[in-house]
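*Asks:* below are the sequence and a predicted model; questions follow.
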Amino acid sequence: MIVLGIETSCDETSLSIINEDNHLMSNVIVSQHSTHSQHGGIIPELASRQHVINIEDAFEKCIKNASVKLDDISVIGVTNGPGLIGSLIVGVNFAKGLSISTMKPLVGVNHLKAHVFASWIKKDLETDKSFDTPKEFPLMCIIVSGGHTDLVKLDENFNFELIGRTRDDAAGEAFDKAARLLNLGFPGGPEVDKYSSFSNEHFDFPRALLRGSHDFSFSGMKTAFLNLSEKNKPFDKDKISKLCNTFQEAIVDVITKKTIKAAEEYRCRGIVVTGGVAANSHLREEMVRKSPLPVFIPEKKLCTDNGAMIASYVVENYKKSNNNFNNIDVKSVLNY
Ligand code: KG4
Ligand code: ZN
């Protein structure tokens, strides 16, 4: 079984191929960061146009890198939401075209669920790296991305239950806005991560823990950061590093504490950390350091948006439903 995964929900055009052992054969990610960084954020209209420009070459490259032919592909998976509608339509229509012309089955995949399944990828054949994957359930999964901060419980039948979510900004959005206040580039998360590594110091800074609830809130911390950064103008590299370290530490503190608490309360057997913010070095270290449960975090390039997680979702759900595609959400993709 060879699965092609297609992801175009936001600003990455990504096509990847995975085999039935969930080994990654090819992972092409075409980023649009240079297009959007000039505007300080993602411009949806530009994103969909870039997907149109990039998708065919990305597909050719993906097939070539995996050393497979189009005919070898058994099933196509494509993100069908949530995401930017214009961007989603490009991926979905490309996938439908492939599916109709080759008579291969097409599976519509939820982007957030797919982020979780990035943790099931066992091996990257391009780099020869192997990964430990979750085996015991239930799992507490924290999906931290540019648009979402969702705490979900996953049971052994792959049913998801929403335990908590952000009431305002997503964690990635908070990182991006903090970076913008410091005039760092877009996306801001990797910049804040980089500058934080230059400093061991931090300012006093509040945390919104919303005790008694599994929800998150980052907008108050964002306002506190606005006030703190105003007080520290004019910026120099040391101040920027200390400010980044302060903000990163606070966000990571909230995410780790709340995720571990929820995992314990729901008697989970492990924790999955995924989504773009899971690429954050401090979050990766702190979650492993503080959690009494096993922690699974995909490698950095599989935390941010990618087609491999889409293909992994298809492979694992296919196996879970006794090798039956009918139990997977095939029809929803036809709604477009
Ligand atoms: O999952 P993702 O690629 O796209 C969405 O589905 O939203 O997440 C993108 C988000 C951005 O907000 C970006 O700033 C953040 O992930 N991000 C990071 C890091 N790398 C990406 N945030 C903190 N530290 C990082 N190293
Ligand atoms: Zn995402």
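*Replies:* Okay, I see it. Numbers count the residues shown, from 1 in each chain. Ligands and ions are numbered 1, 2, ... in the order given.
*Asks:* my read: Val109 touches Asn80, true?
*Replies:* Yes - counting by C-beta atoms under 8 Å, Asn80 is a contact partner of Val109 at 6.6 Å. Where you see a C-beta, it was placed from the backbone N, CA and C, and this is true even at glycine.
*Asks:* low-confidence ranges in the chain?
*Replies:* For the chain, applying pLDDT under 70 flags the ranges 325-336.
*Asks:* before we move on, the earlier item: Val109 and Asn80: who's more crowded?
*Replies:* Taking other C-beta atoms under 10 Å, Val109 and Asn80 do not tie; Val109 has more neighbours (28 against 25).
*Asks:* can you tell me the SS state at that one?
*Replies:* Put simply, Val109 is strand when judged by DSSP: H, G, I helix; E, B strand; the rest coil.
*Asks:* for the residue nearest the centre of the chain, which non-adjacent residue is spatially closest?
*Replies:* In the chain, the residue lying closest to the centroid (C-alpha atoms, centre = their mean) is Gly275, at 2.4 Å. Among residues not flanking Gly275 along the chain, Ser145 sits closest, at 3.5 Å (C-beta to C-beta, 6 or more residues apart in numbering).
*Asks:* on that earlier part again, residues in contact with the residue nearest to the centre of the chain?
*Replies:* By C-beta atoms under 8 Å, 6 or more residues apart in numbering, the contact list for Gly275 reads 115, 142-145, 148, 172, 303.
*Asks:* run a quick neighbour tally on the nearest residue to Asp253 once chain neighbours are set aside.
*Replies:* Among residues not flanking Asp253 along the chain, Arg207 sits closest, at 5.8 Å (C-beta to C-beta, 6+ apart). Neighbours of Arg207 under the rule other C-beta under 10 Å: 14.
*Asks:* shouldn't Arg207 be in contact with Met221?
*Replies:* Yes - the criterion here is C-beta under 8 Å, and Arg207 meets it with Met221 at 7.1 Å.
*Asks:* shared neighbours, these two?
*Replies:* Joint contacts of Arg207 and Met221 (C-beta under 8 Å, 6+ apart) are 250, 254.
*Asks:* quick check: which element contains the residue lying farthest from the centre of the chain?
*Replies:* Using C-alpha atoms, centre = their mean, the residue of the chain lying farthest from its centre is Pro234. It sits 34.2 Å away. For Pro234, there is no helix or strand it lies in under DSSP states H and E.
*Asks:* perfect, I'm done here.
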